[in-house]
Each structure stands twice: as C-alpha cells, then as structure tokens.
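K.L.:
A structural model of the following input is requested.
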Amino acid sequence: MKWIMHDWDDEDCIKILKNCRKAIPETGKVIIIDLVLGTDQGDDIDKKKKKKALDPTLGIVFDLLMIAHTSGGKERTEEEWKKILWEGGFGHYNIIDIPALQSVIEAFPR
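P.N.:
Numbering: from 1, shown residues only. The predicted structure follows:
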C-alpha cells in the first residue's frame, strides 16, 4: 500500500491492517510505503537497512496537508507505526530506506 495509511486515523488503519492480516498466509507480509517520522527506524538488526529519521518539523507540514485533505489522516512516528501494526495483527516489522521521503515498511504476522 503506497501512501494509503497516512490518509486514515489509527482506528481505521487498524481495521485495514486486520483485513490484510486475514487475507495473507502465516508466512506472508504486508508492504507499506509511507513516511516514518521520529527516531532511527526499524526493529531489525541489519544496520544497513536503517534510515535516519526525518526531521519532526517535516511531520508538521505533512500533518497540515492531512488536516486539509483527509478526515483524521496523519504522518506517524515509528512508535505509532509499531502500535497500529501490533493492533492490526503484525508483530514484527522492518523499515527499509529508499531514495525518497517515504520508507518501505514490511509487516509480518504475529
């Protein structure tokens, strides 16, 4: 899902993730391409996959865009992603750096 989750509030994101969880096998994964704000990213131990955090003030700009164009959408920190992924049925994730503002979030079922 590319730039989908930031359009929705946490409750709706969790519903989307729960539906994804139902649709994939135990060995599957969900791939999310979205911004991750805050501290260094990823719960994996592969340092090469880690991405330096985006400036939190950038999140304010994107949050203003979300307020103007969505009802409840927002950009999320890694901790916020971790919370909604867990509640959506995904216990492990990797955040992978790509040459863009977004990151690739791989979410694996728990």
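K.L.:
now do the same contact list for the residue nearest in space to the middle of the chain.
P.N.:
Nearest to the mean C-alpha position of the chain, by CA atoms, centre = their mean, lies W81 at 4.7 Å. For W81, the contact set (CB atoms under 8 Å, 6 or more residues apart in numbering) comprises V36, Y93, I95, I105. C-beta: built from backbone N, CA, C; applies to glycine.
K.L.:
and R21, by the same measure?
P.N.:
Applying CB under 8 Å, 6+ apart, the residues contacting R21 are V30, G88, G89, F90, P109.
K.L.:
break down the protein into its strands, ranges please.
P.N.:
30-34, 36-37, 76-77, 90-97, 103-109 (DSSP state E).
K.L.:
so which of the ones you listed is nearest E11?
P.N.:
strand 76-77 (13.4 Å; CB to CB).
K.L.:
starting at the chain centroid, how far to that closest one?
P.N.:
Computed by CA atoms, centre = their mean, to the nearest Å, the separation of strand 76-77 from the middle of its chain amounts to 7 Å.
K.L.:
mean confidence score for stretch 85-97?
P.N.:
What stretch 85-97 shows for mean pLDDT is 96.
K.L.:
helix or strand with the lowest mean pLDDT in this protein?
P.N.:
Least confident helix or strand of the chain, by mean pLDDT, DSSP states H and E, is helix 56-69 with a mean of 74.
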